[in-house]
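Asker: need a structure here:
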Amino acid sequence: METNDKKTKTKARPKLNPTENAAIKRLEHDLITDSGMVPATKGRHAIHCLTVIGTIEGHTLSPDAQKTTKYEHVIPQLVDIEEDPEIEGLLVILNTVGGDVEAGLALAELIAGVSKPSATLVLGGGHSIGIPLAVAARHSFIVPTATMTVHPVRHSGMVLGVPQTLRYFEQMQERIVGFVTGHSRISARRFTQLMHNTGELVMDMGTVLDGRQAVDEGLIDDLGGLADALGYLYKEIEK
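Answerer: Below is the predicted model:
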């Protein structure tokens, strides 16, 4: 058993000299301040923190004044997290208004495909296409003050009023419902009811859930904050 354990341990990286250490510190600082990216944390296990903030930007550019999460930046990060033997877990922190449907679903599928322990934490808001991202990890947390808006697919550009367009929207809606219900405890029927509720939003149909309601509906696994999410990851890694 001792021999097998030694084989499974990853090789430690060589020690860095002071100049190299300083360069890495500068790089980590720039990643946090410029891109909102947090590399592996320095607790008892190496957890990579991925932030999804503002609008999820897809195939078209968002206005310069908007805070965005660019999916072409997040995709290689997720591949690196999966491949890097030193990263032991993934924490995704969300405060997003939603955004591009296909980009959001692509990121959600990648998060769901990470083989390492993973958790999501919704702070502020996890609206619209942020919902599939919120449920994509192995376990999801939400703080009591956060909200999640469940609503049908919207389109801001020109729409042709033909049956093919309506069918396209239906298929996209089915993909979202299928993913969310496949990665949470909410049923497809209940999620669709919340989505088509006409008695809550003034200018739209849908439902706004706070943290406790999201847990009660089975959309999110647990109420909790940062310490709860990290505690879950530590426990899963140590199993």
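
Asker: alpha carbons only for contacts and neighbour counts from here, please
Answerer: OK.

Asker: shaky segments in this structure?
Answerer: Scanning the chain with the threshold set as pLDDT under 70 gives 1-18, 20-41, 155-166, 202.

Asker: mind listing the strands for it?
Answerer: Assigned by DSSP state E, the chain shows strands spanning 38-40, 47-57, 68-70, 89-99, 118-126, 139-142, 147-150, 207-210, 222-223.

Asker: now render the ones you listed as JSON lines, adding distance to Ile81 and mean neighbour count.
Answerer: Putting these into JSON lines (distance: least, CA to CA, whole Å; neighbours: other CA atoms under 10 Å) gives the following:
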{"stretch": "strand 38-40", "distance to Ile81": "9", "mean neighbour count": "18"}
{"stretch": "strand 47-57", "distance to Ile81": "7", "mean neighbour count": "22"}
{"stretch": "strand 68-70", "distance to Ile81": "17", "mean neighbour count": "22"}
{"stretch": "strand 89-99", "distance to Ile81": "8", "mean neighbour count": "24"}
{"stretch": "strand 118-126", "distance to Ile81": "11", "mean neighbour count": "27"}
{"stretch": "strand 139-142", "distance to Ile81": "17", "mean neighbour count": "27"}
{"stretch": "strand 147-150", "distance to Ile81": "27", "mean neighbour count": "24"}
{"stretch": "strand 207-210", "distance to Ile81": "31", "mean neighbour count": "19"}
{"stretch": "strand 222-223", "distance to Ile81": "24", "mean neighbour count": "20"}
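
Asker: closest one to Glu174 among these?
Answerer: Shortest separation from Glu174 across those is recorded for strand 147-150, at 13.9 Å, computed as CA to CA.

Asker: gap between the residue nearest the centre of the chain and Gly225?
Answerer: Nearest to the geometric centre of the chain sits Leu133, at 3.8 Å (CA atoms, centre = their mean). Leu133 is 17 Å from Gly225, where distance means CA to CA, to the nearest Å.

Asker: what do you get for Gly231?
Answerer: 10 Å.

Asker: okay, the strands of the chain in CSV with distance to Ala108 next?
Answerer: Listed next are the strands of the chain as CSV, based on distance: least, CA to CA, whole Å:
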stretch, distance to Ala108
strand 38-40, 19
strand 47-57, 11
strand 68-70, 13
strand 89-99, 11
strand 118-126, 11
strand 139-142, 13
strand 147-150, 16
strand 207-210, 20
strand 222-223, 19
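
Asker: tell me where the longest helix sits in the chain.
Answerer: Ordering each helix of the chain by length in residues (DSSP state H) puts helix 163-182 first.

Asker: got the CA positions of that helix in CSV?
Answerer: Only the C-alpha atoms of helix 163-182 are listed here, as CSV (Å, rounded to 0.1, in the frame of the first residue of the first chain):
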residue,chain,number,x,y,z
PRO,A,163,-42.9,28.7,-37.1
GLN,A,164,-39.2,27.8,-37.5
THR,A,165,-38.2,30.7,-35.2
LEU,A,166,-40.7,29.6,-32.5
ARG,A,167,-39.5,26.0,-32.7
TYR,A,168,-35.9,27.2,-32.3
PHE,A,169,-36.8,29.1,-29.1
GLU,A,170,-38.6,26.0,-27.8
GLN,A,171,-35.6,23.8,-28.5
MET,A,172,-33.3,26.2,-26.7
GLN,A,173,-35.7,26.3,-23.8
GLU,A,174,-35.8,22.5,-23.6
ARG,A,175,-32.0,22.4,-23.5
ILE,A,176,-31.9,24.8,-20.5
VAL,A,177,-34.7,23.0,-18.6
GLY,A,178,-33.1,19.7,-19.3
PHE,A,179,-29.7,20.8,-18.0
VAL,A,180,-31.1,22.5,-14.9
THR,A,181,-33.4,19.7,-13.9
GLY,A,182,-30.6,17.2,-14.6
